[in-house]
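Asker: here is my input, please return the structure:
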Amino acid sequence: MESELNNEKEVELFELFPKVVAKYNYDQEKHQEIVQICENIRKEIGTDHPEYSSNSMDPQLKHYYNQSTSSLLYERPELEEFRKWCCDCAKHFMTKVLDYIIEEDNEILVTDSWLNWCSVERANQVRHNHHNCIVSGTYYVHRQEWVHAGIEFYRPNIELHPVMAQKRHVNDNSNKYTTYLETLYPSSGNLILWSSELLHGYNGLTNFWDGRTSLSMNFLPHIIDNGKYSFTVKKYGE
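Answerer: Residues are numbered from 1 along each chain as shown. Okay, here's the model as predicted:
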């Protein structure tokens, strides 16, 4: 790409402020236990259950434990080991990648967590980001290559800022400095983590089959400390 940009003018490019997304791999034998737990949840919780809901933008995307007062990874004791692993990954991402200073005894909390299930093909998730958290993530319970959508991350819309707009190349003619979105294709058993302000979602046009299943979650340290002010986040159930 740089050579293409340099072919007409002598220019030196500086790549500033890249965004980062991390992938962690769960043990495959333990992953099969997660698959079974999620199947049990869908069998146990019917459409009239208070922990069942449909996505407001696409009713074919179903949610379980997606309420403000519930968190799946705490509600189901059989997910405790998996929750702790997710928190370990989130702490690694926060401290080793995003460079936050978090003391060893400062526990990472899952502030909320829920199960997502695409009940039919073409189900989609509109672009959005997560609030009241530092790091967000999605664990892929069932995502089959070539038939299920990946996850898309979107460049912030510059038209929201007071700048002059001008047409530019799109799609195949875009380069990494101008492209509007980047798509990752996680495998079942992958946990994807990102900084919570990033816009993300997926297009249902590439969901050729039903059954795409994932666990979404948000994270915060138990003690939020910016160096001058601090406060403590309640643990789930307190």
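Asker: what about the host helix or strand of Ile34, average pLDDT?
Answerer: Using DSSP states H and E, Ile34 falls within helix 28-44. Helix 28-44 comes out with an average pLDDT of 97.
Asker: so that it lines up with my notes, have the first residue be 48 from now on.
Answerer: With the count now opening at 48, the last piece we talked about shows up as helix 75-91.
Asker: all strands of this structure, in order?
Answerer: 68-72, 99-101, 108-111, 155-165, 172-175, 182-189, 198-201, 228-231, 237-242, 246-249, 260-268, 270-272, 277-279 (DSSP state E).
Asker: show the average pLDDT along the fifth one.
Answerer: Average pLDDT, strand 172-175: 94.
Asker: that strand: how far from the chain's middle?
Answerer: Relative to its chain's centre, strand 172-175 lies at 11 Å (Cα atoms, centre = their mean, to the nearest Å).
Asker: partner strands of that strand, with direction?
Answerer: Paired neighbours of strand 172-175 in the sheet (DSSP bridges): strand 246-249 (antiparallel).
Asker: what mean pLDDT does the partner strand get?
Answerer: For strand 246-249, the mean per-residue pLDDT is 96.
Asker: now tell me what touches that strand from outside.
Answerer: 171-176, 196-201, 203, 241 (Cβ atoms under 8 Å, 6 or more residues apart in numbering). Where you see a C-beta, it was placed from the backbone N, CA and C, and this is true even at glycine.
Asker: for stretch 251-265, measure first residue to last.
Answerer: 23 Å (Cα to Cα, to the nearest Å).
Asker: what's the burial count for Tyr108?
Answerer: Quick fix: residue 108 reads Leu, not Tyr. As a burial measure, Leu108 scores 23 neighbours (other Cβ atoms under 10 Å).
Asker: what's the nearest residue to it if we skip its chain neighbours?
Answerer: Asn102 (3.9 Å; Cβ to Cβ, 6 or more residues apart in numbering).
Asker: the one you found contacts Gln172, correct?
Answerer: Yes - in terms of Cβ atoms under 8 Å, Asn102 counts as a neighbour of Gln172; the distance is 7.1 Å.
Asker: between these two, what contacts are shared?
Answerer: With Cβ under 8 Å, 6+ apart as the test, Asn102 and Gln172 both reach Leu108.
Asker: for the protein, which spans come out with low pLDDT?
Answerer: The model of the chain has pLDDT under 70 over residues 48-55, 204-213, 217-220.
Asker: can you pull up the most central residue in this structure?
Answerer: Residue closest to the mean C-alpha point of the chain, counted by Cα atoms, centre = their mean, is Gly184 at 3.6 Å.
Asker: that one contacts Met141, doesn't it?
Answerer: No - if you go by Cβ under 8 Å, Gly184 and Met141 don't touch, sitting 11.3 Å apart.
Asker: shared neighbours of those two, anything?
Answerer: In contact with both Gly184 and Met141: Phe266, using Cβ under 8 Å, 6+ apart.
Asker: what residues of stretch 154-167 count as buried?
Answerer: Using 16 or more other Cβ atoms under 10 Å as the burial criterion, the residues of stretch 154-167 that qualify are 155-165.
Asker: straight-line length of stretch 97-108, end to end?
Answerer: Terminal-residue distance, stretch 97-108 (Cα to Cα): 16 Å.
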